[in-house]
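**Q** What shape does this take:
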Amino acid sequence: MTDLIVRKLRFAFAERPVPFNWNPSDPAFSCAGNMLSFMFLAIEKMISATVHEVLPDITDPAVAEEALAFVRQEGQHSMAHRQHAKGLIKAYPALQEALDDVMAVYDDLTVTTPVKYRLAYIADLEATFTPTFTMMLNHADTLFAPGDDRVASLFLWHFVEEIEHRSSALIIYDAVVGEPWYRMRVAPSVFQHGGAAMVSITRNFNKLIPLDVRKVDATSMFGSPGLKTTLAVRFPLLQKFCTLDVPDYGPIQKFYPHIPLREQAVAALGVMRSQIPGHKPAKSKMPALAKEWLTRYDAGYDVTQWYTSAGYDEASQK
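**A** Take a look at the predicted model:
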C-alpha cells in the first residue's frame, strides 16, 4: 500500500496580481522559478499520459497503486502551477507564447518517442529532484522566504512532495521496463532535451518581458554568458567591426549567490549518482524543512501561506 497522500492545495493566485519578479531580493531565482512553473506544466502532462499508458501492463497491485498516487500528486501540482502561470500571463499576456512553446515540446515528445524512453526520461528526471530540491529547501530563508508567499508556498509544497515520492518513478520504470543500464544510457539525451527546453523558456522571458520587470538576464541560471556576449561586453568597439549580433538582455546575476559552493557541489554529485544503476532514492534523507512541512500539514496549518499563516510564528518558535 502506498504511503503517498494526494493533497489538494490552492494558492490564491487569482486574488491579486502575480509578480514576475516574485522574489525581488533574487531576480535570477525569480526567473528560474517562473521557468519551472512552465516546465512542470509540460512535463507533468507528459508524465500523466505516459503512466496511464502503461498502467494496464503493471501486474503488481502495489506498484499500480503507487503509480496512481504518483500521477495524482503530479496532477495536483499541475493544477497549482497552471494557476501560477495563468496569473503571470494575465499580467504579461505575451508569456502565452513561452508556455505554448514548451507545451508543444513535450507534446511532441509524448507522440514521437516510445513509452520505454519516456519512462526512463521520467525516472531520470525525478531522480535529480531530491538532491536539487534538498539544497533549495535547506536555503529557503534566502530563496523563498523574502518572496511572494503564494509562489514560495507553491514551490515548498511541490518540492516536499517530489522528495516524498522520490522512489515512485523508478518503481514504475523497474516494473514496466526493468533495464537499469538503459536508463543510464539515455540520461544524456534526457538532460539535453530538458536543458534545451529550459533555455528556450528563459530566452522567451528575455524577449517577452521588459528588463525593468526582469531586472536581470533570465538566462542567469545557466551561469556565465557565452563567448560572443563576453566579447561584446568587454570590448564594445568590436561590435563596430564584427558581426557579433548580441542583444543586451540585462546583467547576468550570479545564481545561488548565498549557497556555499561546497553545497552546490554536493547537490551536483547527488544528481550524477542518481543516474547510476542500483540507485535507491528511498535512502536519501528527508530535509528538515520537508519534515517540518509534513508535520505542520498534518497538524492543520495553512501551508498555502507558509510564511504568513496564523500558525507560522507559533510553530516556528516550538
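**Q** can we go C-alpha only for contacts and neighbour counts from here?
**A** OK.
**Q** And what about the closest residue to residue 24 other than its chain neighbours, helix, strand or coil?
**A** Sequence neighbours aside, residue 147 is the residue nearest to residue 24 in space, at 6.9 Å (criterion: Cα to Cα, 6 or more residues apart in numbering). Here residue 147 is recorded as coil under DSSP: H, G, I helix; E, B strand; the rest coil.
**Q** from what I can see residue 147 touches residue 23, true?
**A** Yes: between residue 147 and residue 23 a contact is recorded at 4.0 Å, counting by Cα atoms under 8 Å.
**Q** Contacts only, for residue 158.
**A** Residues in contact with residue 158, defined by Cα atoms under 8 Å, 6 or more residues apart in numbering, are residue 77.
**Q** continuing past the host helix or strand of it, what's the next helix or strand?
**A** Assigned by DSSP states H and E, residue 158 belongs to helix 149-164. For helix 149-164, the succeeding helix or strand toward the C-terminus, using DSSP H and E, is helix 168-176.
**Q** what sits up against that following helix?
**A** Residues contacting helix 168-176 (Cα under 8 Å, 6+ apart): 54, 57-58, 63, 66-67, 70, 119-120, 122-123, 126-127, 180.
**Q** What about those residues, which are in helices?
**A** 54, 63, 66, 67, 70, 119, 120, 122, 123, 126, 127, 180 (DSSP state H).
**Q** if you average pLDDT over stretch 40-55, what comes out?
**A** Mean pLDDT, stretch 40-55: 97.
**Q** I meant stretch 16-24, not that one.
**A** Stretch 16-24 comes out at a mean pLDDT of 97.
**Q** What lies in contact with that stretch?
**A** 27, 29-31, 34, 84, 87-88, 91, 143-144, 146-148, 151, 213-215.
**Q** switch to 6 Å and redo it
**A** Applying Cα atoms under 6 Å, 6 or more residues apart in numbering, the external contacts of stretch 16-24 come out as 27, 30, 87, 88, 147, 148.
**Q** Can you give me the distance of the second one to residue 255?
**A** Meaning residue 30. 11 Å (Cα to Cα, to the nearest Å).
**Q** what do you get for the third one?
**A** For residue 87, the distance to residue 255 under the criterion Cα to Cα works out to 25 Å.
**Q** Between the two, tell me which one has more neighbours.
**A** residue 87 (21 against 18; other Cα atoms under 10 Å).
**Q** Pull the contacting residues for the more buried one.
**A** residue 18.
**Q** CA-only coordinates of stretch 22-38 in PDB, if you can.
**A** The C-alpha coordinates for stretch 22-38 follow below in PDB (Å, rounded to 0.1, in the frame of the first residue of the first chain):
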ATOM      1  CA  TRP A  22       8.300  37.400  -7.100                       C
ATOM      2  CA  ASN A  23      11.400  37.500  -5.000                       C
ATOM      3  CA  PRO A  24      12.900  41.000  -5.500                       C
ATOM      4  CA  SER A  25      16.000  40.100  -3.500                       C
ATOM      5  CA  ASP A  26      16.900  37.400  -6.000                       C
ATOM      6  CA  PRO A  27      15.600  38.200  -9.500                       C
ATOM      7  CA  ALA A  28      17.600  35.400 -11.200                       C
ATOM      8  CA  PHE A  29      15.900  32.800  -8.900                       C
ATOM      9  CA  SER A  30      12.500  34.500  -9.600                       C
ATOM     10  CA  CYS A  31      13.100  33.900 -13.400                       C
ATOM     11  CA  ALA A  32      14.100  30.300 -12.600                       C
ATOM     12  CA  GLY A  33      11.000  29.700 -10.500                       C
ATOM     13  CA  ASN A  34       8.700  31.100 -13.300                       C
ATOM     14  CA  MET A  35      10.600  28.900 -15.800                       C
ATOM     15  CA  LEU A  36      10.000  25.800 -13.600                       C
ATOM     16  CA  SER A  37       6.200  26.500 -13.400                       C
ATOM     17  CA  PHE A  38       6.100  26.500 -17.200                       C
END
